[in-house]
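> how does the following fold in three dimensions:
(2 chains)
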Protein chains: 2
Amino acid sequence: MKSLLEEEKARLRAYLMEKKILVENRLREYFRPMDGPAAVISKAMTYSLFAGGKRLRPILCMAAASVVGGREEDVLPVACALECIHTYSLIHDDLPAMDDDDLRRGEPTNHKVFGEAIAVLAGDGLLTEAFRLMADVPHTAQKSSSALLEVTRLVAQAAGSHGMVGGQVADILSEGKRVEFPVVEFIHSHKTGALIRASVTAGALLGGGTRQQVEALGTYGENIGLAFQISDDILDIEGDRETMGKGTGSDNKKGKATYPALVGLKKSKEIQEDLVDNAVRVLGRFGDRAEPLELIARYIIERKK
Amino acid sequence: MKSLLEEEKARLRAYLMEKKILVENRLREYFRPMDGPAAVISKAMTYSLFAGGKRLRPILCMAAASVVGGREEDVLPVACALECIHTYSLIHDDLPAMDDDDLRRGEPTNHKVFGEAIAVLAGDGLLTEAFRLMADVPHTAQKSSSALLEVTRLVAQAAGSHGMVGGQVADILSEGKRVEFPVVEFIHSHKTGALIRASVTAGALLGGGTRQQVEALGTYGENIGLAFQISDDILDIEGDRETMGKGTGSDNKKGKATYPALVGLKKSKEIQEDLVDNAVRVLGRFGDRAEPLELIARYIIERKK
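The predicted model follows:
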């Protein structure tokens, strides 16, 4: 896999920035400050929602919709829903009973600011709101209405006990234990991979892609999802504390199951390269329109945070 | 409001038992034991899901569908989803950071058995699964597909930060404080009322009710939702520990905002009677078919657990 050229990097940066702003503007419309006796919950939800995420999942969702000829605007509510689900998972993962993290992206974690009870509820609120947004896409045609239900099903499947939640369970249970490679693979593919794959597939489905297109993009999503989690593992070892906005070496300290811990850094990078190669290969059929998806895949290997 | 006659009680008991079995059989089909590294999550989810709940929300949903001429079978997935949402809220409410309860329906709470991390995740899993079930209703016609999306929206609205989650936030924040009546009303109508109302409305919508029918049943749901929560408050004072399966007097110990604490027991019972009267009144237009809904409303005042 060849490295990104400077001009490619610049195009990708501009693309990511443009889409990130689109997502954040829409999220701000959805999450207006509340008043009344429960007002603090909207503060807690938006504290984490606007803590500087990369918006990778919503961007992948929009990019996949574009690639099959759909309109970004039509998938924006689902894209925002995916970011809500991702954010809820971070809030709950950081809880004292889970990973017990004090910092996230350089800022105090949700429970450090709002207390544990409100942090649990902020996560619950974001997860619930995600499904409200998903059901709220403008849908006039029969087709889009049933596509929306299919997307809801597949996102819930990817986020629930058979997906992300299941991955987090296995992660928690394996902390500090010697685990075999299949378990690490299970954790990574479920905890991160499932929702990333679903983000791409959701975009492809709502964008009106054919079954073959949706499947091809699913393969793309599956490969970059796993590659992305491996790069997280690698960054935890090689990353720069300041760039990352969190402590490095924390996986090791916590006895977390990671690829580098099991197969070494070199082999992890080889696996990652293969995954990105696989992802880029399936994009071939989409021609030039797939450039953003290709650049995102190749960027995963080079990212610094 | 006249008390239930013995024959009415017998009919209600038979009705509730029949529907409860229907819901529980379907829930068992949905929640099969999992295997693999995350298997414990299915144990934790089903531990609370089959801990002997009354299944009030799913039963209301099915009864509302029947009243407008719909088929119970068609709303069963949504009815089950409502029970998943209710169960997740109980698991999270019981957490040490929230109400810190050791017992629920006479059995150790989820986190007492599975630990806090798994209990948080079991709640997350049930909430997510609820939306998967909701999107999984067989829908062939355009109408049912968009009704399903509307139901998803209204259930998410009722369960989220503008509904149940918001109610729990206000409840947590007011513990041990002197709160005014409007705040107690807010807590009750959001924490319990919203999802009960949504259960009735969801059934009416999916059952094919007209706008007027759905609205009338919404009024029914709103009134019994609040009446139900007030009877919870009253049972916490007057209830029998053994029948309830949990300690009584705990609201008072925790300094919880309740109707009896604010307006006294007598006035609370009067308000409750008025609410049940209001609920029964709107059922008039539906004739004999509304008997189950009427008996449920009148039962709320007499229930012992």
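
> only C-alpha atoms from now on, for both contacts and neighbour counts.
OK.

> I'd say residue A:166 and residue B:38 touch.
Yes: using Cα atoms under 8 Å, residue A:166 makes contact with residue B:38 at a distance of 5.2 Å.

> for the spatially closest residue to residue A:255 that is not a sequence neighbour, which residues are in contact?
Leaving aside its chain neighbours, residue A:255 sits nearest to residue A:176 (4.2 Å; criterion: Cα to Cα, 6 or more residues apart in numbering or on different chains). With contacts defined as Cα atoms under 8 Å, 6 or more residues apart in numbering or on different chains, residue A:176 is in contact with A:254, A:255, A:256.

> out of these, which are inside helices?
Those of the contacts of residue A:176 mapping onto helices are residue A:254, per DSSP state H.

> are any of the contacts of residue A:176 buried, and which?
Buried subset of the contacts of residue A:176 (neighbour count, 16 or more other Cα atoms under 10 Å in any protein chain shown): residue A:256.

> so which of the contacts of residue A:176 is the closest to residue B:136?
residue A:256 (35.7 Å; Cα to Cα).

> not counting sequence-adjacent ones, nearest residue to that closest one?
Using Cα to Cα, 6+ apart, the nearest residue to residue A:256 is residue A:175, at 5.1 Å.

> hmm, the one you found is touching residue A:257, no?
Yes: counting by Cα under 8 Å, residue A:175 touches residue A:257, with 6.8 Å between them.

> among these two, which residue is more densely surrounded?
residue A:257 (27 against 16; other Cα atoms under 10 Å in any protein chain shown).

> circling back: how near is the residue nearest to residue A:255 to residue B:170?
38 Å (Cα to Cα, to the nearest Å).

> strands of the stretch 101-250 of chain A, start to end?
Assigned by DSSP state E, counting those that start in this stretch, the strands in the stretch 101-250 of chain A fall at A:103-104, A:107-108.

> state the mean pLDDT of the last one.
Computed over strand A:107-108, the mean pLDDT rounds to 96.

> partners of that strand, with directions?
Next to strand A:107-108 in the sheet, as set by DSSP bridges, lie strand A:103-104 (antiparallel).

> so how far is the partner strand off the chain centroid?
Distance of strand A:103-104 from the chain centroid (Cα atoms, centre = their mean, to the nearest Å) equals 17 Å.

> check stretch A:41-51 too.
On Cα atoms, centre = their mean, the centre of stretch A:41-51 falls 17 Å from that of its chain.

> list the buried residues for it?
A:41, A:42, A:43, A:44, A:45, A:46, A:47, A:48, A:49.

> does any part of that stretch sit near chain B?
Yes: if you take Cα under 8 Å from any Cα of the partner chain as the test, stretch A:41-51 does meet chain B, through A:41, A:42.

> list the contacts of that stretch.
Contacts for stretch A:41-51 (Cα under 8 Å, 6+ apart): A:24, A:31-34, A:83-84, A:87, A:91, A:105, A:107, A:109-110, A:114, A:118-119, A:121-123, A:125-126, B:161, B:166, B:169.

> of the residues you listed, select the buried ones using a ChimeraX command.
Buried residues within the contacts of stretch A:41-51, by 16+ other Cα under 10 Å, are selected in ChimeraX with:
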select /A:24,83,84,87,91,105,109,110,114,118,119,121,122,123,125,126 /B:161,166,169
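
> enumerate the residues of the stretch 101-250 of chain A near chain B.
A:116-118, A:120-121, A:124-129, A:131-133, A:135-136, A:142, A:145-146, A:149-150, A:152-154, A:156-157, A:159-161, A:165-167, A:169-170, A:172, A:183, A:186.

> any quick PyMOL command for the buried ones out of those residues?
The following PyMOL line selects those of these that are buried, judged by 16+ other Cα under 10 Å:
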select buried, chain A and resi 116+117+118+120+121+124+125+126+127+128+129+131+132+133+135+136+145+146+149+150+152+153+154+156+157+159+160+161+165+166+167+169+170+172+183+186
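
> where does the residue nearest in space to the middle of chain A fall, secondary structure wise?
Nearest residue to the geometric centre of chain A (Cα atoms, centre = their mean): residue A:57, 4.3 Å. Residue A:57 is part of helix A:56-67, with elements assigned from DSSP states H and E.
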